[in-house]
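A.B. asks: with the sequence up front, the predicted model follows.
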Amino acid sequence: MTDVSADGQPQLSKHRIEALIDGIFAVAMTLLVIELRLPEHAHLDSEAALRGALFGLLPNLISWLVSFFVLAIFWIANHRLYSYVRHADQGLLWMTILGLASAALLPFASAVNGQYASITGQALYSGVMIWLSVSTLLLARYIYRHPGLCAHAMSLGAYRATVARSCGVMLIAALAVAISYAAPGKANCVFVLMSLMRPMGTRIERHYAQAKAKADAAAQAQA
């Protein structure tokens, strides 16, 4: 039987939603590798021919590598956000589904971007990346503003860190599109900057935690 909150809204089990998140991310991460295949009708009867065919897969390999770790980063972000949640409501459920739709679309965008070194392919890929970031931002905002759904409320520092990481990824995705105008097919290299998002978020959380500790200490001293 579904529990009902004080305002009459049904309380949904977060574990069912987490299982859906895990399943969709696992399938999407697996589908990425499908594009890594040698030409079906190629005559690879020598070492040189095989090496040439593998070298031709390099753009697809780079797209796979970036996409795999992008999905891993966003799965970790979802896992981190749901660690605050005790139970879900309809709003949280649909916020999550919005993000899962973009995760499910990423293998297609990755395939287009890897196969066609073009501004359009990069724009499609970066657009899906921005969709993922926006959905994560909205999910964090919903969890932060609805502490009644949480086992423990999200701190201001954790929320601001999530906002900064999400906005950072959006800026990187937009930068990739700009770079593709000058160097189509090479703009994916800019996504290595995503490795800076986690340390940046950690510093923001630490800053807010230290500020809160100082404020609490000052309040106790005045009491």
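C.D. replies: Alright, I've got the coordinates.

A.B. asks: quote the end-to-end distance of stretch 144-158.
C.D. replies: Start-to-end span of stretch 144-158 (C-alpha to C-alpha, to the nearest Å) is 9 Å.

A.B. asks: tell me how far that stretch lies from the chain's centre.
C.D. replies: 20 Å (C-alpha atoms, centre = their mean, to the nearest Å).

A.B. asks: residue ranges with poor pLDDT in the chain?
C.D. replies: 1-10, 36-46, 48-50, 52-54, 56-57, 223 (pLDDT under 70).

A.B. asks: please repeat the previous calculation with a cut-off of 50.
C.D. replies: Within the chain, the stretches with pLDDT under 50 are 1-2, 4, 6.

A.B. asks: what about the strands in it?
C.D. replies: In the chain, the strands defined using DSSP state E lie at 3-4, 10-11.

A.B. asks: quick check: buried residues in stretch 174-186?
C.D. replies: 174, 176-177, 179-180, 185 (16 or more other C-beta atoms under 10 Å). Every residue, glycine included, has its C-beta placed from N, CA and C.

A.B. asks: mind checking which of those residues land in helices?
C.D. replies: Counting by DSSP state H, the part of the buried residues of stretch 174-186 found in helices is 174, 176-177, 179-180.

A.B. asks: for these, which one is nearest residue 32?
C.D. replies: residue 176 (17.6 Å; C-beta to C-beta).

A.B. asks: check contacts around the closest residue to the closest one other than its chain neighbours.
C.D. replies: Distances taken as C-beta to C-beta, 6 or more residues apart in numbering place residue 187 nearest to residue 176, at 4.3 Å, with adjacent residues excluded. Neighbouring residues of residue 187 by C-beta atoms under 8 Å, 6 or more residues apart in numbering: 122, 176-177, 179-180.
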